[in-house]
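> only geometry, no sequence info:
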């Protein structure tokens with residue numbers, strides 16, 4: 001059995017996900033629109049493509065999203081990828097990190113020593129320049 005996609009309901013879903021009220025969408029669409037007209041539009045199974053294009057432009061959502069989004073398919077995808085046994089993680093639930101904390105600490109210490117050595121070298125060069133300036 002072919003599941004029909006309800007375009008009006010999809011407009012409503014995306015509008016609500018964006019936190020936009022019907023009045024605000026009506027205002028964005030122009031003087032011919034009001035909250036009641038948006039409400040009636042969201043109840044329609046199929047919406048004319050020119051109206052979908054206007055809504056798409058205002059909500060910054062592709063027209064195809066309104067035409068193709070099927071809630072049942074989305075729920076099916078989510079339920080097939082979400083696994084309770086994996087402690088509510090999607091993907092690898094128990095990642096393995098091959099990090100030795102002592103090695104990382106040694107690296108940081110070596111970087112710090114290198115930084116101090118560079119600073120001392122720059123200080124010595126600065127002192128030499130100052131001595132040259134004073135002796136002139």
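Yes, it's here. Keep in mind the model is a prediction, meaning the values are calculated, not measured.

> When you work out contacts or count neighbours from here on, use the C-alpha atoms and nothing else.
Will do.

> quick one: the residue nearest in space to the middle of the chain from residue 6, how far?
Ranked by distance to the mean C-alpha position of the chain (C-alpha atoms, centre = their mean), the top residue is residue 18 at 12.9 Å. Distance, residue 18 to residue 6, by C-alpha to C-alpha, to the nearest Å: 19 Å.

> for residue 59, same thing?
Taking C-alpha to C-alpha, one finds residue 59 at 18 Å from residue 6.

> how close does the nearest residue to residue 22 once chain neighbours are set aside get to residue 41?
Excluding the flanking residues, the one nearest residue 22 by C-alpha to C-alpha, 6 or more residues apart in numbering is residue 35, at 5.2 Å. Residue 35 sits at a distance of 10 Å from residue 41 (criterion: C-alpha to C-alpha).

> More neighbours: which of these two?
Under the criterion of other C-alpha atoms under 10 Å, the comparison of residue 35 against residue 41 puts residue 41 first, with 18 against 15.

> I'd say the more buried one and residue 6 touch.
No - checked against C-alpha atoms under 8 Å, the pair residue 41 and residue 6 is beyond contact range at 11.0 Å.

> what's the following helix or strand after the lowest-mean-pLDDT helix or strand in the chain?
Lowest by mean pLDDT, DSSP states H and E among the helices and strands of the chain is helix 71-81, with a mean of 64. Sequence order places helix 101-135 as the next helix or strand after helix 71-81, per DSSP states H and E.

> could you give me the average pLDDT of that following helix?
In this model, helix 101-135 has a mean pLDDT of 93.

> Same question for stretch 40-48.
Taken as a whole, stretch 40-48 has a mean pLDDT of 93.

> what distance separates the start and the end of that stretch?
13 Å.

> And that stretch, how far out from the chain middle?
Per C-alpha atoms, centre = their mean, to the nearest Å, the displacement of stretch 40-48 from the mean C-alpha position of its chain is 29 Å.

> List the contacts of it.
When contacts are defined by C-alpha atoms under 8 Å, 6 or more residues apart in numbering, stretch 40-48 is touched by residues 5-12.

> repeat that with 6 Å
6-9, 12 (C-alpha atoms under 6 Å, 6 or more residues apart in numbering).
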